[in-house]
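K.L.:
okay, here's the prediction I keep looking at, along with the sequence it came from:
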Amino acid sequence: MFKTIKRIAAIGIVTEAAPPVDPQLCVREILQKRIRALLGRALCIRHVDAGSCNGCELEVHALNNPIYNIEGLGIKFVASPRHADLLLVTGPVASNMRVALQRTYEAMPDPKMVVAIGDCGCTGGIFGESYASCGRVSNVIAVNVAVPGCPPSPTRILQGILTAIA
Amino acid sequence: MPVRLWWDLAAPATQAAGMRRLTVDAATWVRAAEEFAAADAHLLALWVARAPNQEGFLIRAAFVAAGAGLILELPIADCDPPYPGLEPFFPAASRMQRAAYDLWGLRATDPDRRPWLRHAAWPEDQYPLRNPAVMAAGTGISEAYRFVRVAGDGVHEIPVGPVHAGIIEPGHFRFSIVGEKVLRLEEHLGYVHKGIERRFTDFPILEGHRLAARVSGDCAVAYAWAYCQALEGMVGMRVPARADWLRALCLELERIANHLGDLGALGNDAGFAFGLAQFSRLKEHLLRANEAAFGQRYLFDTVVPGGLHADLSQSGAHTLGDFLSRLAPEVESLRDIYDEHGGVRDRFVGAGRVAPELAARLGLIGFAGRASARGLDVRIDFPCAPYTDLALRRVTRTAGDVAARVAVRFDEVQESCRLSLHILKSLPSSVHRVECPPPVQGAFGTGLIEGWRGPIFLALEAGAAGAISRCHPHDPSWQNWPVLEHAIIGNIVPDFPLINKSFNLSYSGHDL
């Protein structure tokens, strides 16, 4: 126990400042005022991997590390779409995941937002459209903010999320 | 007859790599597989390709044992009866054969005939790799998958997924339980099947490494290297020594990053959030050092045909060396904290045990195999340059539980740090890349690289005018997912996330 506490004290707080909002990432007008009035900065995110290679998930994970510390900004990832204000989608939409993605979206209460993460989410990326891939996320559900990159850095992902609630 | 004798019989698959190919008839196919299983060889992959004359097909199975890698090829025609399945000798073959049926329409004799990768995205009588014209036309609503039902007093089912409660890939788990105790787990995967094997044929062969790196994003280096190894073997070229060494450096950095992430998550799953905070912080610093050294946090597109995308600069080498020499003692001190934490030990020890006999019977592979006394490490047993010149220490445990998999990961982080520092000190000074010419049509090559999860195998065939006619990437998760179903038996449901994370298998690499 002593070692644990000593280590926590020695490392201290390593959280860095949050990145600025980037309006260029916005692809579709959202009911921002209404959402902001309801939520303030407190935001619950549900993540769905719709067919990603797992690269974007690793960078989404990083948002929870002490350096990006997304919970310190009042934003947290939740286990159920029923609790979520924002849907974060990674990957092209694999045909086998299309229905699951739609149902997750439908299960979220209104008003809701969607942020598509990574080149695959934005355009279909390297996997494109095929017998097994529906391509970009907006082919399946309406997207408000799209963050390109393969994978985008945690800072870019955070920017995308903050842009959605700016 | 030992694997080595079969190997002596076979022709080299490529001009460079050590893998060999042997064309067999159905009886020899069965006899060889039986002997390989008896000799404790590993089944690496089973896949289908078109026969070179474009008439009929080849069922291919790749095996590896110490010092010998062998591909069996069984030619079959459309009108032939089902080919002999390998499930009796290698249980992991069952799902590979079911996937091969979904994509090619060729049946094995083994009993399980449920679809595996095909849910409802394309019609049942269409086979996307056989007929490239197949487009999505299904309903999208899966017909009910026939899970095995467990009957008895008080038995009920918990369905989980495909969308899970965390930031993870999708798949479905069906638990049959009594109280909290798991009687049976059955997996249903294939949700992230996005047509990677067919997508490869859209790429020029000299650019396919980019797609290979995205088969499973946490193994970007291992897949890209396996792809390049296959390609470079086809044209009979050797990359400069510096490129070999830098590739090994990238591979070890990838191993360290993934182990660090999982060691933190395992602490968290055992209720020790301190572990997650500490390890995720170390991982972030490693990724930043990667970016400083190679311009990429996860080293995507760093390994390219002919060598490395960019050379490692003096300052990049310094940043990495500096970080790694601080990392090793930090991880060791965190290991002490894990080892001395009663709550963590209580959750780790005995959970999700795969006894060595079971691991051998089911063909557990990779670091999880090494935690259950399965020694295979391709870097040692079937090494390519520069591992032939690096004295790598084999890490094994015998307990086969979560604690053993954690111990193997801790040891491997230390060993990879040591290796990386050694590589940084002894980097040969040569160019980092030479041009790779396109292979001739019909050339065949294989790559085999020990990724952090286990051996990544890739088979590549060249088409006309620098195209890809067939590429089959194979993730060790194919072998290990079925073992997870056994590891959970008798444990309680709340321990599943912990046990699952201790393996951390790939969905994307498996679903393709």
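P.N.:
Received, thanks. Numbering: from 1, shown residues only, chains lettered A, B, ... in the order given.

K.L.:
next, count neighbours for the residue nearest to residue B:376 when sequence neighbours are not counted.
P.N.:
Spatially, and ignoring its direct neighbours in sequence, residue B:376 is nearest to residue B:42 (5.8 Å; Cβ to Cβ, 6 or more residues apart in numbering or on different chains). (C-beta placed from N, C-alpha, C; glycine too.) Neighbours of residue B:42 under the rule other Cβ atoms under 10 Å in any protein chain shown: 26.

K.L.:
next: residue B:489.
P.N.:
If you count neighbours by other Cβ under 10 Å, residue B:489 ends up with 13.

K.L.:
how about residue A:152?
P.N.:
24.

K.L.:
hang on, the earlier thing: list the beta-bridge partners for the residue nearest to residue B:376.
P.N.:
residue B:64 (DSSP bridges).

K.L.:
and it, what's its pLDDT?
P.N.:
Note on residue B:42: pLDDT of 94.

K.L.:
swap in residue B:17?
P.N.:
56.

K.L.:
contacting residues for the residue of chain A found nearest chain B?
P.N.:
Chain A approaches chain B most closely through residue A:55 (2.8 Å), counting by Cβ to the nearest Cβ. Residue A:55 is in contact with A:118, A:150, A:151, B:214, B:217, B:218, B:220, B:298, B:300, counting by Cβ atoms under 8 Å, 6 or more residues apart in numbering or on different chains.

K.L.:
just the residues you listed: which are in strands?
P.N.:
Among the contacts of residue A:55, no residue falls in strands (DSSP state E).

K.L.:
helix, strand or coil for residue B:461?
P.N.:
Secondary structure state of residue B:461, per DSSP: H, G, I helix; E, B strand; the rest coil, is strand.

K.L.:
tell me the spacing between the residue nearest to it when sequence neighbours are not counted and residue A:111.
P.N.:
Nearest residue to residue B:461, sequence neighbours excluded (Cβ to Cβ, 6+ apart): residue B:470, at 4.3 Å. To residue A:111, residue B:470 is 48 Å away according to Cβ to Cβ, to the nearest Å.

K.L.:
okay, those two: which has more neighbours?
P.N.:
Counted by other Cβ under 10 Å, residue B:470 and residue A:111 do not tie: residue B:470 has more neighbours, with 20 against 13.

K.L.:
how about low-confidence regions in chain A?
P.N.:
Scanning chain A for pLDDT under 70 picks out A:29-40.

K.L.:
what helix or strand is the residue positioned nearest the centre of it on?
P.N.:
The centre of chain A sits closest to residue A:88, judged by Cα atoms, centre = their mean, with a distance of 3.4 Å. Applying DSSP states H and E as the criterion places residue A:88 in strand A:86-90.

K.L.:
what helices and strands are in contact with that strand?
P.N.:
strand A:43-49, helix A:55-62, helix A:98-107, strand A:113-117, helix A:118-123, helix A:154-164 (3 or more Cβ pairs under 8 Å, 6 or more residues apart in numbering or on different chains; DSSP states H and E).

K.L.:
can you dump the C-alpha atoms of the second one in CSV for me?
P.N.:
The C-alpha atoms that make up helix A:55-62 are tabulated as CSV, following Å, rounded to 0.1, in the frame of the first residue of the first chain:
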residue,chain,number,x,y,z
GLY,A,55,-6.5,1.0,-34.4
CYS,A,56,-9.0,3.8,-33.7
GLU,A,57,-10.2,1.9,-30.5
LEU,A,58,-6.6,2.1,-29.2
GLU,A,59,-6.6,5.9,-29.6
VAL,A,60,-10.1,6.2,-28.2
HIS,A,61,-8.9,4.2,-25.2
ALA,A,62,-6.1,6.7,-24.7
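
K.L.:
partner strands of the helix or strand following that helix, with direction?
P.N.:
On the C-terminal side of helix A:55-62, the closest following helix or strand by DSSP H and E is strand A:75-77. Here strand A:75-77 is paired, per DSSP bridges, with strand A:43-49 (parallel).

K.L.:
outside of the partner strand, which residues touch it?
P.N.:
Applying Cβ under 8 Å, 6+ apart, the external contacts of strand A:43-49 come out as A:56-57, A:60, A:74-81, A:83-91, A:97, A:100-101, A:104, A:108, A:161, A:165, B:163, B:166-170, B:192.

K.L.:
next, count neighbours for residue A:53.
P.N.:
37.

K.L.:
which helix or strand contains it?
P.N.:
For residue A:53, there is no host helix or strand (DSSP H and E).

K.L.:
ok, residue B:118 touching residue B:189?
P.N.:
No. Residue B:118 is beyond contact range of residue B:189, at 11.9 Å (criterion: Cβ atoms under 8 Å).

K.L.:
can you pull the phi/psi pair for residue B:490?
P.N.:
Main-chain dihedrals, residue B:490, degrees, to the nearest 10: phi 90, psi -10.

K.L.:
how close does it sit to residue A:19?
P.N.:
Going from residue B:490 to residue A:19 by Cβ to Cβ gives 47 Å.

K.L.:
between the two, which has more neighbouring residues?
P.N.:
The neighbour count for residue B:490 versus residue A:19, taken as other Cβ under 10 Å, is higher for residue A:19 (17 against 11).

K.L.:
avg pLDDT for the longest helix along chain B?
P.N.:
Assignment by DSSP state H gives helix B:241-269 as the longest helix of chain B. Averaged across helix B:241-269, pLDDT comes to 97.

K.L.:
which helices and strands does that helix pack with?
P.N.:
Judged by 3+ Cβ pairs under 8 Å, 6+ apart, the packing partners of helix B:241-269 are helix B:220-234, helix B:273-294, strand B:307-308, helix B:314-340, helix B:342-348, helix B:402-426, helix B:496-503.

K.L.:
rewinding a little: the residue nearest to residue B:461 - that's part of a strand, no?
P.N.:
Yes. Assessed with three-state DSSP, residue B:470 lies in a strand.

K.L.:
doesn't residue B:205 make contact with it?
P.N.:
No. Between residue B:470 and residue B:205 there is no contact under Cβ under 8 Å: 10.9 Å.

K.L.:
shared neighbours, these two?
P.N.:
Common neighbours of residue B:470 and residue B:205, using Cβ under 8 Å, 6+ apart, are residue B:460.

K.L.:
one step back: nearest to chain A, of the helices and strands packed on helix B:241-269?
P.N.:
Chain A lies closest, by Cβ to the nearest Cβ, to one member of the helices and strands packed on helix B:241-269: helix B:273-294, at 3.7 Å.

K.L.:
tell me the helices and strands packed up against that closest one.
P.N.:
Counting by 3+ Cβ pairs under 8 Å, 6+ apart, helix B:273-294 packs on helix A:2-11, helix A:55-62, helix B:241-269, helix B:314-340.

K.L.:
of all those, which one is nearest residue B:351?
P.N.:
Nearest to residue B:351, of all the helices and strands packed on helix B:273-294, is helix B:241-269, at 10.2 Å by Cβ to Cβ.

K.L.:
what residue in the stretch 1-150 of chain B comes nearest to chain A?
P.N.:
residue B:121 (3.3 Å).

K.L.:
count the residues that sit near that residue.
P.N.:
Around residue B:121 there are 29 other residues, counting by other Cβ under 10 Å.

K.L.:
check residue B:67 too.
P.N.:
Residues within reach of residue B:67, counting by other Cβ under 10 Å, total 12.

K.L.:
isn't it right up against residue B:20?
P.N.:
No. Counting by Cβ under 8 Å, residue B:67 does not reach residue B:20; the two are 11.7 Å apart.

K.L.:
contacts only, for residue A:90.
P.N.:
A:47, A:48, A:49, A:50, A:52, A:56, A:57, A:60, A:117, A:118, A:120, A:121.

K.L.:
the second one pairs with what?
P.N.:
Okay, so that is residue A:48. residue A:89.

K.L.:
so it versus residue A:127, what's the distance?
P.N.:
Noted for residue A:48: a distance of 16 Å to residue A:127, by Cβ to Cβ.

K.L.:
the nearest residue to residue A:68 once chain neighbours are set aside and residue A:164, how far apart?
P.N.:
Spatially, and ignoring its direct neighbours in sequence, residue A:68 is nearest to residue A:154 (5.1 Å; Cβ to Cβ, 6+ apart). According to Cβ to Cβ, residue A:154 and residue A:164 sit 16 Å apart.
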